[in-house]
Structure formats: C-alpha cells, structure tokens
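Q: the following block contains a protein sequence and its predicted model.
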Amino acid sequence: MIRALATAVVTLSVLWLVPLHAASAESTVWVQQAATGTVTGTVTDATSGTPVASAQVSVAGTTAGAITNAQGRYTIANIGAGTVTVVARRIGYTESTRTNVSVTAGATVTVDFGVEHRSKMRSTSVGMLHISLNFRL
C-alpha cells in the first residue's frame, strides 16, 4: 500500500512538473525568436561567380559570425533586431562590407557578397629608390 502510494505521488509530481518545464521552455524560445533574426547568404568570386569557401562573414561590432561552406553559403543566427553591418573576408580576396542591413525579429535576411580576387586588383608602382653613396679616400 505504501509502495503504491509512493508511486502515485511520484507519477503525479512528474506529470505536474513536465508541463511547467515545457511551457517555460516554449516561452523562452518565443522571447529569443521575437528579439533576434538571422543573416544568411553566399560569398562568390565577383569575376567568375564561383563560390568562395572558408570566407569569414561577421556582424561588425559583435562576436557573431560564420565561415562559408564549400558552396560559399553561410548563416548567422540570433542577431539582435535592428540595422547592422555585415563584413566578408577571405585571404587572397578583397574585404566586402554591407552597411544598413535591416535585421527583423523572427525573420531571415539574405546578404550576398561578390569578392574580388587580389590578383585581379590593380597595383600601383612605387618606383625605384636610388641610393648613392660617396666615399672619400
């Protein structure tokens, strides 16, 4: 009898606690989704259109960022709603910046980048430096 009563109390306790925990988790998730959005997109070579893998894409002024996959795709979640600047960087390519990106709560905004390979950039010749030394013997 005592064992059956203890089992009933434990079962009722578990049934009573689980819905409270689930409701609490749903509320927390809802609040996070309502206050943040997602930035996603693709980084490609501006000349060839081929995907740029391993590019670093970040939201300026935050620690939020992602690395592009083999298809040049990235996703950065949980970005605070508002206007942000998104930057794409990759060794061997120019840095590209998108300002005034509007992140809407609960939504996804697409920001694509076309980066130029550094070998395609124009270079400026500095010229030669001529040094002459005069010695007296």
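A: Right, received. Where do you want to start?

Q: who's in contact with the closest residue to residue 92 other than its chain neighbours?
A: Counting by Cβ to Cβ, 6 or more residues apart in numbering, the nearest residue to residue 92 once its immediate chain neighbours are dropped is residue 118, at 5.6 Å. The way it works is simple: take the backbone N, C-alpha and C, and place the C-beta from them, glycine included. Residue 118 makes contact with 92, 93, 94, according to Cβ atoms under 8 Å, 6 or more residues apart in numbering.

Q: now, those residues that are in strands?
A: For the contacts of residue 118, not one is inside strands, with DSSP state E as the criterion.

Q: reformat the residues you listed as JSON lines; add neighbour count.
A: Below are the contacts of residue 118 laid out as JSON lines (neighbours: other Cβ atoms under 10 Å):
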{"residue": "92", "neighbour count": "9"}
{"residue": "93", "neighbour count": "22"}
{"residue": "94", "neighbour count": "16"}
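
Q: now, which of those sits nearest residue 84?
A: Nearest to residue 84 among those: residue 94, at 20.5 Å, using Cβ to Cβ.

Q: for that closest one, which non-adjacent residue is spatially closest?
A: Spatial nearest neighbour of residue 94, chain neighbours left out: residue 116 (4.6 Å); criterion: Cβ to Cβ, 6+ apart.

Q: okay then, goodbye and thanks.
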